[in-house]
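Asker: after the sequence you'll find the predicted model.
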Amino acid sequence: MPLYAYKAVDHAGRWAKGRLEAFNDSDLELRLARSGLDLISFSTAGSGSVFLRLHRAGLKDLITFCFQLEQSVSAGVPLLDALADVRDSTENQAFKRIIGAMLAEVEGGRLLSQAMAAYPQVFNPVFVSLVKAGEQTGKLPEVFGHLAATLQWQDELQAQSRRMMTYPLLVFLALAGAVAFLMMYLVPQLVPFLQGLGQALPLETRMLIFIAETLVHHWWLLLSLPLLAWASLLLLLKRSASMRYRCDGLKLRLPLIGELFKKIILARFCRYFAMMYQTGIPILDALRTCEDIVANRVVAEALARVHQEIEAGERMSESFSNTGLFPPLVVRMIGVGESTGALDKSLNKISYFYDRDVTEGMQTLLKLIEPALTVLLGFILAFIMVAVLGPLYGAFAQMKL
């Protein structure tokens, strides 16, 4: 949607200028008229979609947005007034503009879900589908409540992941800095001394000298090769669907963290699937939407097979079991929910179980990373000491003889 810079006047003759997104100049004039302004002149200020990509709303903005709308709408506040209150209280200026544009759309007679659909960079298809279902069933406050809880869970999971990786990353950087200092400054100063001892240097000493010389003379190459390899991998994943599928499958089979990835994906799937089921979205439509939510092509393909089998008349639990990907716990709980008619409760229980399992798994992984980095540092220091002290002990032994 294009972004326009405009000049207008209100009914009292006061000038007003600003920026507003609109589909065209007629739409811009209509939007300003709804706000009590008469358009005088305008110019294209750029692409609104580009602006959103640069200034998109964060998870915390969306959580606050959903929470405030849930509280206002459930208290009986009209939707237009609730949107205006949220717009006025939002500190993110880009998100404030988006809410203001949606408010103008709703004032013009469009549904809130239709107004949200115009901003896919902020409101993904799942968000829009849930709001649309809430509008159709009259459960809009419940939908915003579920969305706020789910987004808050997602934000906490990301924060937990960042906390888990901060300490190992700092230790790794300190380790890399110490090794670089030893190899690029200390070892080169010892090389003339070691070579002047007048004896054949052992293998580990020759290896140390080779590594130090490589770092000193070709450090730029050693830094650029990983970056080039990473960029090449990203380009290959972008262009090859089969490579993306293999990479997603590899993520699930990685030692230690593969099972953790799988549990996170299953927890996300169960949360969103339960939320869509509670909202009244049909099971087949919910499964189709979850194919994008899981963000893993192997799991998405399994969900597509489940969709096909249910559509052909199979029971849901049998369809999940036939994929061979979903654990027995998930299949059993889905079967229980299918039999009792409380599928959402069963899915929420699965999500709770995996949430707890993921938290414990992250803590265990963190406990394994710390000693592993310590052992690695000790091994490197021991190698340097042996490589440097070995020739010295050999020279002292010859002097005694």
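Answerer: Sure, I can see it. Model, not experiment: these values are computed from the prediction.
Asker: from Leu83, how far out is Leu69?
Answerer: Using Cβ to Cβ, to the nearest Å, Leu69 is found at 8 Å from Leu83. Just so you know, the C-beta spots here come from the backbone N, C-alpha and C atoms, and that holds for glycine as well.
Asker: revised request: answer the last question for Ala174.
Answerer: 49 Å.
Asker: chain neighbours aside, what residue packs nearest to Thr279?
Answerer: Leaving aside its sequence neighbours, Thr279 sits nearest to Ala133 (Cβ to Cβ, 6 or more residues apart in numbering; 4.3 Å).
Asker: that neighbour is in what secondary structure piece?
Answerer: Using DSSP states H and E, Ala133 falls within helix 125-137.
Asker: show me how far that helix is from its chain's centre.
Answerer: Relative to its chain's centre, helix 125-137 lies at 22 Å (Cα atoms, centre = their mean, to the nearest Å).
Asker: higher neighbour count, Ala174 and Leu83?
Answerer: Leu83 (26 against 12; other Cβ atoms under 10 Å).
Asker: can you verify my assumption that that one contacts Leu103?
Answerer: Yes: between Leu83 and Leu103 there is a contact under Cβ atoms under 8 Å: 4.6 Å.
Asker: tell me what the helix or strand harbouring Arg97 is packed against?
Answerer: Taking DSSP H and E as the definition, one finds Arg97 inside helix 93-107. Counting by 3 or more Cβ pairs under 8 Å, 6 or more residues apart in numbering; DSSP states H and E, the packing neighbours recorded for helix 93-107 are strand 15-21, helix 25-34, helix 48-54, helix 59-74, helix 79-89, helix 112-117.
Asker: select, out of the ones you listed, the one closest to Ala212.
Answerer: Closest to Ala212 of these is helix 48-54 (Cβ to Cβ; 44.0 Å).
Asker: surely Met276 meets Thr289?
Answerer: Yes: Met276 sits in contact with Thr289 when judged by Cβ under 8 Å, with a separation of 6.7 Å.
Asker: joint contacts of these two?
Answerer: 126, 129 (Cβ atoms under 8 Å, 6 or more residues apart in numbering).
Asker: okay, those two: which has more neighbours?
Answerer: Neighbours were tallied for Met276 and for Thr289 using other Cβ under 10 Å; the higher tally belongs to Met276 (26 against 19).
Asker: could you measure from that one over to Ala241?
Answerer: With Cβ to Cβ as the criterion, Met276 and Ala241 are 26 Å apart.
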